[in-house]
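In: Quick one: sequence and predicted model below, then my questions.
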Amino acid sequence: MQSRDEKRAAKADVNRITGGRRLRRNRKSDWSRRMVREARLSADDLIWPIFVTEGSGTREPVDSMPGVERLSVDEAVRAAEEAVELGIPAIAVFPNTPPSLRDETGSEALNPKNLVCRACRAIKEAAPQVGIITDVALDPYTSHGHDGLMAGARILNDETVARLVEQALVQVDAGCDIIAPSDMMDGRVGAIREALENSGHDDIQVMAYTAKFASAFYGPFRDAISTNSTLIGDKRTYQMDPCNAAEALVEAELDIAEGADMIMVKPGMPYLDIIYRLKDTFGLPTFAYQVSGEFAMIEAAARNGWIDGERAMVESLLAFRRAGADGVLTYFAPRVARMLKDGAI
């Protein structure tokens, strides 16, 4: 046991080394940690992605995403009402289109009575307080699983953009509030923005999937919308190379110049550096998509008892906020919002 003189000498040595600064002072208690906290999490930071499917009263589990279900339109309305109750500002709607309605050109995307459009109308009527974000891409509607039109093995950029403009207008007419093109075709943001302006929808926001990487983390999402079994080849010719960071700055510059109101990075956790660089460079509202693979890894590890699932969930979301994200699309949204409401975070 140290003597009083030895303790004083040790204290003097540490003070000399640190210059008298003791960062642990601010960590000594919960109230002090809360006072100096840099990144915070609230329900306002959450966007809830949901999957819609045919049927009534239907809730189909997605096996690779424990706790996530495909919802029929009436159940999607209940989810939207839950979002309002929890203070979640927006939901993002993705369809599980029946195989019989998928073809090479994704024609069902232009059907004003497709799953997304029916869900938008029903949600807007029942829960007008919640924002609706719709994905603009053809992959949920094509028989080949790609985001665009194809000629042989080649994705046709300009022809696809024209189709995406039509899809966006159909979704806006159904009541969506934010158009989110995820296809990664060149020029699609500008074309959609111009079409919105020309059709009197100048107040509709565009959230561009600016840096969407050709990632291995999308597998469970493709299970949820049933494109894993239909996808021919891969999407590397239009989604970003995971090796590239500076290219994301160019993508963002182009999307902003074309009229994007918000930009997004997808996936999230493996690309925190991209989130930081885009927010730091452009200052535009910047979002992260905590994708299905990220969600599934945390859930699987938690269910196996390998990690504390709730702590890992919250820590992951705080990481996005710390990196500069203004909000996060996450399948954890209702759970985290409930914890926030109950004072558990």
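Out: Sure, I can see it. Everything quoted here is computed from the prediction, not taken from an experiment. Residues are numbered from 1 along each chain as shown.
In: quick one: residue 288 is in a strand?
Out: Yes: using DSSP: H, G, I helix; E, B strand; the rest coil, the assignment for residue 288 is a strand.
In: what about it, neighbour count?
Out: Residue 288: 30 surrounding residues under other CB atoms under 10 Å. Quick note: C-beta positions are derived from backbone N, CA and C, even for glycine.
In: How about residue 282?
Out: 17.
In: By mean pLDDT, flag the weakest helix or strand of this protein.
Out: helix 4-18 (a mean of 68; mean pLDDT, DSSP states H and E).
In: Can you name the next helix or strand after that helix?
Out: Following helix 4-18 in sequence order, the next helix or strand is helix 30-35 (DSSP states H and E).
In: what about that following helix, distance to the chain center?
Out: 30 Å (CA atoms, centre = their mean, to the nearest Å).
In: Same check on stretch 81-93?
Out: Worked out by CA atoms, centre = their mean, stretch 81-93 lies 14 Å from the chain centre.
In: how about that stretch: buried residues?
Out: Residues of stretch 81-93 classed as buried by neighbour count (16 or more other CB atoms under 10 Å): 82, 83, 86, 88, 89, 90, 91, 92, 93.
In: same check, this time on stretch 39-52
Out: Buried residues in stretch 39-52, defined by neighbour count with 16+ other CB under 10 Å: 41, 43, 45, 46, 47, 48, 49, 50, 51, 52.
In: tell me the mean pLDDT for it?
Out: Stretch 39-52 comes out with an average pLDDT of 97.
In: ditto for stretch 102-111
Out: Taken as a whole, stretch 102-111 has a mean pLDDT of 97.
In: Distance across that stretch, terminal residue to terminal residue?
Out: Start-to-end span of stretch 102-111 (CA to CA, to the nearest Å) is 12 Å.
In: and what of stretch 260-275?
Out: So stretch 260-275: terminal residues 16 Å apart, CA to CA.
In: returning to what we had before: which one among the buried residues of stretch 81-93 gets closest to residue 300?
Out: Nearest to residue 300 among the buried residues of stretch 81-93, counting by CB to CB, is residue 92 at 22.9 Å.
In: Report the beta-bridge partners for that closest one.
Out: residue 49, residue 133 (DSSP bridges).
In: so which pair among the buried residues of stretch 81-93 is furthest apart in space?
Out: Among the buried residues of stretch 81-93, 86 and 93 lie farthest apart (CB to CB), at 17.2 Å.
In: For residue 218, the count of nearby residues, please.
Out: Residues near residue 218, counting by other CB under 10 Å: 21.
In: Could you do the one 10 residues further on as well?
Out: Counted with other CB under 10 Å, the neighbours of residue 228 add up to 15.
In: Quick check: phi and psi at it.
Out: Phi and psi for residue 228, reported as degrees, to the nearest 10, are phi -60, psi -40.
In: Isn't it up against residue 218?
Out: No: between residue 228 and residue 218 there is no contact under CB atoms under 8 Å: 9.1 Å.
In: What are the boundaries of the helices in the chain?
Out: 4-18, 30-35, 73-86, 115-126, 157-174, 188-198, 219-224, 246-257, 272-282, 292-303, 309-323, 333-341 (DSSP state H).
In: For residue 106, which of those helices is the nearest?
Out: That would be, of those and by CB to CB, helix 157-174, which comes in at 7.0 Å.
In: so who does residue 49 touch?
Out: 91, 92, 93, 94, 289, 329, 330, 331, 333 (CB atoms under 8 Å, 6 or more residues apart in numbering).
In: same deal with residue 91?
Out: 47, 48, 49, 50, 79, 80, 83, 123, 130, 131, 132, 133.
In: try it again with 7 Å
Out: Going by CB atoms under 7 Å, 6 or more residues apart in numbering, residue 91 touches 47, 48, 50, 79, 80, 83, 130, 132, 133.
In: ok, which pair from the residues you listed is furthest apart?
Out: So, the contacts of residue 91 by CB to CB: farthest apart are 79 and 133, at 13.6 Å.
In: Can you get me the centre-to-centre distance for stretch 209-228 and its chain?
Out: On CA atoms, centre = their mean, the centre of stretch 209-228 falls 11 Å from that of its chain.
In: which of the residues in it are buried?
Out: 209-213, 215, 217-227.
In: got it, and stretch 189-205?
Out: 189, 190, 191, 192, 193, 195, 196, 204, 205.
In: do stretch 108-115 as well
Out: 108, 109, 110, 111, 114, 115.
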